[in-house]
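Novice: Sequence and predicted structure below; questions after.
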Amino acid sequence: MSKPRSLALPPRTRARRLVTARGEFAVLDTEPSGGTHGTALLLPGYTGSKEDFLALLGPLSDAGYRVVAVDGRGQHESPGPRGRAAYRRRALALDVVAQAAALGDGPVHLLGHSFGGLVARAAATAAPGAFRSLTLLSSGPGRVARPQRIRVRALRGALALLPKERVWRATRWLDSRGEEPGEADPPEIVTFLRRRMMRTRIAQLAGAGRLLLHDPDGLAELSAVPLPLHIAYGADEMVWPVPSLAAAAEHTGAHHTVVLGAGHSPNVSHPEELAERLTAFWQMAERVHPTGDLSGRP
């Protein structure tokens, strides 16, 4: 889970509803400063939300990109059904395709953080023509590390048995272990994190957790995606094993970024550096595929 350090909206940012052919989604929509180079669609991770990208929106928009961060169905401020079937991988992927179409800017750069990377990969496979490039940020392919599998199983089990408020308190206790004195979250962030947990559908949390635990390796699928591909993560990534991410980048020929000093959420801890890496990749992708031509990778 990413935890924003501030909830302040960057300049030129609107919180709004994106109306698509598959329903409405809550988004943060940031207009570029000056001329527009393109549009990027950002998908958050497990137990996360669009606010995970708040620190990244400003630097990306300053570089000339329209940036739209979205809550997926049943996630935080986006409505979602209660039924389990609604949160299968293909359904979530088709939502993303519909979101890209509703933005009205043609093919968009797609980025998925953590669990969002699994959804982004499926969306790019389902409709590659909707996207100009694909970035997996702190995300597989491959299985999540064993401590994270244990954590996801525990959360899914608790949600099936306990009121969400009790699950929230237990999650906060687990998150607090190992924190240094003075590093506790500010009260407004704690309030936000609780509200996000309370608003997110249990079916979404259970479905996303199931996909994290049982998602296929995905390397062959990713290799077949006919888009410029970028695999990025922090040097201290702990949800996916770093060697498996490096091997995936080498196997697929992806553009490869390692953010030194960052953990699972470079979007929060190192937004300026990450923005520079992302825009450099996007500009390269645009030079190689200026009209969305899907003939290969840079």
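Specialist: Done, it's in.
Novice: pull the longest helix from this structure.
Specialist: Using DSSP state H to define each element, the chain has its longest helix at helix 271-288.
Novice: In it, which residues are buried?
Specialist: Under the neighbour-count criterion of 16 or more other C-beta atoms under 10 Å, helix 271-288 has 271, 273-275, 277-279, 281-282, 285-286 buried. Just so you know, the C-beta spots here come from the backbone N, C-alpha and C atoms, and that holds for glycine as well.
Novice: Ranking helices and strands of the protein by mean pLDDT, which lands last?
Specialist: Least confident helix or strand, the chain: helix 164-176 with a mean of 79, by mean pLDDT, DSSP states H and E.
Novice: returning to that earlier point: could I get the buried residues of helix 271-288 as JSON lines with pLDDT and distance to Phe115?
Specialist: Output for the buried residues of helix 271-288, formatted as JSON lines (pLDDT from 0 to 100; distance: C-beta to C-beta, whole Å):
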{"residue": "Pro271", "pLDDT": "98", "distance to Phe115": "20"}
{"residue": "Glu273", "pLDDT": "98", "distance to Phe115": "23"}
{"residue": "Leu274", "pLDDT": "98", "distance to Phe115": "18"}
{"residue": "Ala275", "pLDDT": "98", "distance to Phe115": "22"}
{"residue": "Arg277", "pLDDT": "98", "distance to Phe115": "21"}
{"residue": "Leu278", "pLDDT": "98", "distance to Phe115": "19"}
{"residue": "Thr279", "pLDDT": "98", "distance to Phe115": "24"}
{"residue": "Phe281", "pLDDT": "98", "distance to Phe115": "21"}
{"residue": "Trp282", "pLDDT": "98", "distance to Phe115": "22"}
{"residue": "Ala285", "pLDDT": "94", "distance to Phe115": "24"}
{"residue": "Glu286", "pLDDT": "90", "distance to Phe115": "27"}
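Novice: Closest one of these to Glu221?
Specialist: Ala285 (19.6 Å; C-beta to C-beta).
Novice: The closest one: what's it in contact with?
Specialist: Ala285 makes contact with 109, 132-133, 228, 298 under the criterion C-beta atoms under 8 Å, 6 or more residues apart in numbering.
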